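Asks: just to be clear, the model below is a prediction. Sequence and coordinates:
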Amino acid sequence: MKAKRVSDSKIEIAQLMYPEHANPAGNVHGGYILKIVDEAAAIAAARHSHQNIVTASVDRMDFISPVYIGNLIFAKASINYTGKTSMEIGVRVEAECIRTGIHTHVGSAYLTFVALDENDKPIEIPQILPETEEEKRRFIEAQERREKRLKQIKKHEHIQQACIPRMNK
Ligand SMILES: CC(C)(COP(=O)(O)OP(=O)(O)OC[C@H]1O[C@@H](n2cnc3c(N)ncnc32)[C@H](O)[C@@H]1OP(=O)(O)O)[C@@H](O)C(=O)NCCC(=O)NCCS
């Protein structure tokens, strides 16, 4: 399968924040921003793999600065790393004040998506080809995160199995 460049799938979505996205004081809900993050990552993952993709995990997201009604939100997503069937996507969210044009960094997150075949089984995807220095740095950092993530998943599995005998008592 031919490797693909980061630029082949990277995307940026923009959305204006309305009152329906916010609390009565005008602050946009964090959950709504997370939805945009998931959407942006899903689009990049689908463009890279050309398969049905699902969110396997979302790493933490800290909200660094607030977003208000009337702000324009940008979510920039690109593939950082690919495994056999999974890929890590980095998403950076910025808010623009329409009146001033000032941009603020709202937060960033790393999501892992898995490509599935018609039987909902993980299917192989094209490898990512990091080209620029920044893409190469992100690739290495994503590989390190993946290793930590997979160790944590194993830990959770161990905890689940340890609970079964107690549930049977
Ligand atoms: C994600 C899912 C497909 C993984 O299935 P699985 O049977 O555990 O698959 P495998 O063990 O073969 O792993 C497949 C790949 O997913 C990765 N993976 C599995 N669970 C993961 C997790 N929690 N976080 C990150 N990566 C994960 C594996 O590392 C592997 O990657 P690789 O092929 O690149 O090495 C399955 O758990 C699932 O369907 N989850 C529900 C997804 C969903 O509904 N999301 C929300 C709505 S879109």
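Replies: Structure received. Residues are numbered from 1 along each chain as shown.

Asks: nearest the middle, which residue of this structure would you pick?
Replies: Residue closest to the average C-alpha location in the chain (C-alpha atoms, centre = their mean): residue 111, at 3.1 Å.

Asks: look up how far residue 51 lies from the residue in the chain positioned nearest to the ligand.
Replies: Residue nearest to the ligand within the chain: residue 83 (2.1 Å; C-beta to the nearest ligand atom). To be clear about C-beta, it is placed using only N, CA and C from the backbone, and glycine gets the same treatment. As for residue 83, its distance to residue 51 is 14 Å (criterion: C-beta to C-beta, to the nearest Å).

Asks: same thing with residue 102?
Replies: 39 Å.

Asks: please apply the same query to residue 143.
Replies: Residue 143 is 22 Å from residue 51, by C-beta to C-beta.

Asks: between those two, who's got more neighbours?
Replies: More neighbours surround residue 51 than the other of residue 143 and residue 51, with 18 against 13 (other C-beta atoms under 10 Å).

Asks: tell me the phi and psi of the more buried one?
Replies: Backbone geometry at residue 51, expressed as degrees, to the nearest 10, gives phi -130, psi 170.

Asks: tell me who's in contact with residue 102.
Replies: By C-beta atoms under 8 Å, 6 or more residues apart in numbering, the contact set of residue 102 is residue 96.

Asks: show the subsequent helix or strand relative to the helix or strand hosting residue 110.
Replies: Using DSSP states H and E, residue 110 falls within strand 103-116. Of the helices and strands lying after strand 103-116 in sequence (DSSP H and E), the nearest is strand 128-129.

Asks: could you say what helices and strands that next one packs with?
Replies: With contacts taken as 3 or more C-beta pairs under 8 Å, 6 or more residues apart in numbering; DSSP states H and E, strand 128-129 sits against strand 4-5, strand 72-82.
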